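Here is a sequence together with a model predicted from it:
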Amino acid sequence: MIKCIFFILWLCFSVNMVSAKYLLVSSASEINMRKWTSGDTIVMKNGNWIDQTIVFRGVGMKFHPVVLLAQTPGKVILKGNSSLSFSGSFLEISGLFFYNGTLKEKDIISFRTSTTSIAENCSLYNTAIVSCNPSEKTVDNKWVSMYGKDNIVANCTFANKTNSGTLLVVWLDKDVIPNHIIENNYFGYRNPNKDDSGKELNGQEIIRIGDSHTSMQTAGVTVKGNFFEDCNGETEIISNKSCGNNYSNNIFVACKGTLTLRHGNDCTVDGNYFIGNGVPGTGGVRIIGENHKVYNNYFENLNGTDFRAAICLVRGKENSEAYEYFQVKNALVAFNTMVNCSQSFSINYNNSSFKLPPIGSVIAFNHVYNTSSTKINVEIDKTSGADMDVKWQNNLMNQGKYENFKFSENQVITGIDPNMIQVGTNPNIYEPGSNTGLSAYITSDYPEITQDIRGRSRAGHKLPGASQVSGESSLDAPSKDSVGATFLEI
C-alpha cells in the first residue's frame with residue numbers, strides 16, 4: 001500500500017515536470033494570461049517594456065519553483081507606468097530593471113495580486129528600481145510592498161527615490177507571522193521632501209516593518225547584510241513597527257537618521273555599522289518600547305544628537321496611543337563601540353510633556369573612544385526623569401563630557417588607554433590592540449552573546465565594546481561590491 005502511494009506521488013510529480021513550460025515572452029499579457037505551475041520558466045525578452053502591468057500568478061514547489069526572469073539580467077527595462085504584482089507560492093523573480101518610471105497610483109512591486117491573493121515562499125532577486133518617481137514629489141507611493149509570509153528580497157538595488165512614501169514596506173495581516181528576509185540589498189540616495197516650514201515630511205523611511213495599528217503583532221522579519229548610503233528621507237531610516245524582528249550586519253554610511261525601534265517589542269539590533277563621516281544629522285539606534293536588545297554595534301563619526309544620537313533611549317508618554325511613544329522597559333544596550341560621535345548616549349529625551357523615563361534597562365560593557373574631549377559621552381534629559389531605572393555597568397569611556405549624569409567607578413570607567421587602532425577592514429574600523437587597557441574588564445556575563453561584530457568567539461571572555469582582540473573572523477561588513485543587483489553599479 002505504501003509503495004503504491006509513493007508510486008502515485010512520483011507519477012504526479014513526473015507528469016507535472018514533463019508538462020513544465022519554458023516560454024520567451026515580450027509583453028505583460030503573455031505573463032498574465034495563465035496561472036503558472038511548478039517548473040515553469042517565463043523569460044522576459046530583452047528590451048524596453050513601457051507601461052506594462054505584470055500580474056504573475058503561480059504555484060510552484062520548493063525545489064521546482066515557478067521562475068520569471070530577464071533574458072539577460074538588467075536588459076529588461078521597465079519604464080513609464082510599469083509594475084509587477086505576484087501571488088501564489090514558490091515563485092522566483094530575477095533580473096528586472098525598473099528605471100525612470102513614473103507610476104504613482106500603486107506599488108511598483110507588490111507581493112500580492114489582490115487583497116486575498118498573496119505571496120508565500122516567494123523570492124525577488126537581482127532586481128533594481130532606480131529613479132522611478134512621479135513628477136509630483138508629494139505623491140505617496142511604495143516601491144516594494146511585502147505581504148504574505150516567508151518571502152525574500154535579496155541582492156536588489158534601490159536608489160534615487162525622490163517622492164514621498166516609504167521605499168519598502170512589510171505589511172502585517174492578523175494572525176500571520178511574516179518571517180520575511182531582506183538581505184544583501186543596496187539602498188541609496190534619498191533626500192527629504194519638506195513642508196513649507198522646512199520640516200521633513202513623515203513617511204519617507206527606507207524600510208518600515210508594520211505600522212502603528214499592527215505594532216503589537218510578531219513579524220519575525222530579518223534584515224541583514226544590507227548597505228544603506230545617503231538615505232536621508234527622515235529621522236527614521238528603518239522604522240520598526242512590530243515585534244520580534246532582527247537587524248544584523250547592516251551598514252549605514254552618511255545616513256541622516258537612525259534605525260528606529262518606533263513601535264513594538266522584543267527586537268534585536270546586533271553587529272551593525274553606523275559610519276557618519278561627520279555628516280550633520282547622522283545617527284545610530286533609537287529605542288522605544290519593551291525588551292529590545294542592542295549589542296555588538298559600531299558607531300563612528302556620527303554628528304547627530306538627541307533623537308539622532310548614537311544610542312537614544314526615549315522618554316514615553318502616559319497612556320500612549322498606538323501611534324505615540326511607549327515607555328522604554330527592559331532594554332539591554334551592551335558591547336557597543338562608539339568612536340568620535342558627537343553624542344554617544346542620549347537618555348530620556350523627548351517632548352517635555354511626556355513623563356515616563358526608561359526603566360528596568362541595562363547599559364553595560366560599552367566602549368566610547370574619543371580623540372577629543374569635546375564630545376558628549378552621556379546626556380540625560382532630567383525632565384520628568386526622577387523615577388528613571390537604568391543600570392550602568394563597566395562602560396569604558398576614555399574622555400568626553402557628561403550632561404546631567406554622575407556616575408560611580410563601576411558604572412563608567414575613565415582614563416583607561418584602549419590602544420585603539422584602525423585594522424584595515426572595509427570599513428576601516430577602530431579596534432583595541434593586543435595591549436589594550438580594556439582587557440582588565442573582560443566578562444563572562446551575557447552568555448547569549450556568543451560572537452563579536454566580526455564573528456569572532458566571545459565565549460567566556462568578552463571585552464567591552466563590539467570587538468575582541470583575537471580569534472578568527474568569520475563575518476565581514478557588507479560592501480557596495482557584495483550587495484545589490486549584479487548588473488548595476490551605483
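Yep, that arrived. Numbering: from 1, shown residues only.

Spit out the contact partners of Ala70.
For Ala70, the contact set (Cβ atoms under 8 Å, 6 or more residues apart in numbering) comprises Val43, Met44, Asn46, Val76, Ser94, Gly95, Leu96, Phe97. No exception for glycine: its C-beta is placed from N, CA and C like everyone else's.

again, only using 7 Å
By Cβ atoms under 7 Å, 6 or more residues apart in numbering, the residues touching Ala70 are Met44, Val76, Gly95, Leu96.

Quick check, pLDDT for the residue minimising distance to the centre of the chain.
Computing the C-alpha centroid of the chain and ranking residues by Cα atoms, centre = their mean puts Val223 first, at 4.6 Å. If you check Val223, the pLDDT there is 98.

isn't it right next to Tyr247, touching?
Yes: contact criterion Cβ atoms under 7 Å: Val223 and Tyr247 qualify, at 4.9 Å.

any common contacting residues for those two?
Ile238.

that older thread, and the contacts of Ala70, which of them are in strands?
Residues of the contacts of Ala70 located in strands (DSSP state E): Met44, Val76, Leu96.

Turn the residues you listed into TSV, including neighbour count and pLDDT.
Shown next, in TSV, are the ones in strands among the contacts of Ala70 (neighbours: other Cβ atoms under 10 Å; pLDDT from 0 to 100):
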residue	neighbour count	pLDDT
Met44	26	98
Val76	22	98
Leu96	29	98
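
now, which of the residues you listed sits nearest Asn265?
Closest to Asn265 out of the ones in strands among the contacts of Ala70 is Leu96 (36.5 Å), distances taken as Cβ to Cβ.

if we look at the sheet, which residues does the closest one bridge to?
In this entry, Leu96 is beta-bridged to Val76, by DSSP bridges.

so what's it up against?
Applying Cβ under 7 Å, 6+ apart, the residues contacting Leu96 are Ala70, Val76, Leu78, Thr127.

what's the first-to-last distance across stretch 310-323?
Separation of the first and last residues of stretch 310-323 by Cα to Cα, to the nearest Å is 24 Å.

Sorry, wrong one. I was asking about stretch 457-466.
12 Å.

and it, how far out from the chain's middle?
25 Å (Cα atoms, centre = their mean, to the nearest Å).

What of stretch 117-129?
On Cα atoms, centre = their mean, the centre of stretch 117-129 falls 17 Å from the chain's centre.

Keeping just the C-alphas, turn it into CSV.
Presented in CSV, the C-alpha positions along stretch 117-129 are these (Å, rounded to 0.1, in the frame of the first residue of the first chain):
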residue,chain,number,x,y,z
SER,A,117,-4.3,36.5,-3.3
ILE,A,118,-0.9,36.9,-1.6
ALA,A,119,2.6,35.5,-2.0
GLU,A,120,4.2,32.8,0.2
ASN,A,121,7.7,31.4,-0.1
CYS,A,122,8.4,33.7,-3.0
SER,A,123,11.7,35.5,-3.8
LEU,A,124,12.7,38.7,-5.5
TYR,A,125,16.3,38.5,-6.6
ASN,A,126,18.9,40.6,-8.6
THR,A,127,16.4,43.3,-9.5
ALA,A,128,16.7,47.1,-9.4
ILE,A,129,14.4,50.0,-9.0
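
Backbone dihedrals for Thr53, please?
Backbone dihedrals for Thr53, given as degrees, to the nearest 10, come out at phi -100, psi 100.

And the pLDDT at it?
pLDDT, Thr53: 98.

so who does it touch?
Each residue near Thr53 by Cβ under 7 Å, 6+ apart is listed here: Ala28, Ser83.

Please report how far it lies from Asp140.
20 Å (Cβ to Cβ, to the nearest Å).

Columns distance to Ser473 on top of the contacts of Ala70, output as TSV?
Output for the contacts of Ala70, formatted as TSV (distance: Cβ to Cβ, whole Å):
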residue	distance to Ser473
Met44	41
Val76	39
Gly95	33
Leu96	35
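
Closest to Ser82 out of these?
Proximity of the contacts of Ala70 to Ser82 (Cβ to Cβ) peaks at Leu96, which lies at 9.4 Å.

about what we covered before: just the ones in helices from the contacts of Leu96, please.
Using DSSP state H, no member of these sits in helices.

And the helices in this structure?
Assigned helices in the chain, in chain order: 2-18, 28-32 (criterion: DSSP H).

before we move on, back to that, okay, the ones in strands among the contacts of Ala70 in a markdown table with distance to Glu290 next?
Shown next, in a markdown table, are the ones in strands among the contacts of Ala70 (distance: Cβ to Cβ, whole Å):
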| residue | distance to Glu290 |
| --- | --- |
| Met44 | 46 |
| Val76 | 46 |
| Leu96 | 40 |
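
from memory Ile416 sits against Asn394, does it?
No: between Ile416 and Asn394 no contact is recorded; they are 10.9 Å apart, counting by Cβ under 7 Å.

Who has more neighbours out of the two?
The residue with more neighbours, out of Ile416 and Asn394, is Asn394; 20 against 17, by other Cβ atoms under 10 Å.

Which residues are in contact with the more buried one?
Asn394 touches Ala364, Phe365, Asn410, Ile413, Tyr441, Pro464, counting by Cβ under 7 Å, 6+ apart.

tell me the least confident of the residues you listed?
Asn410 (94).

That concludes my questions; thank you for your assistance.
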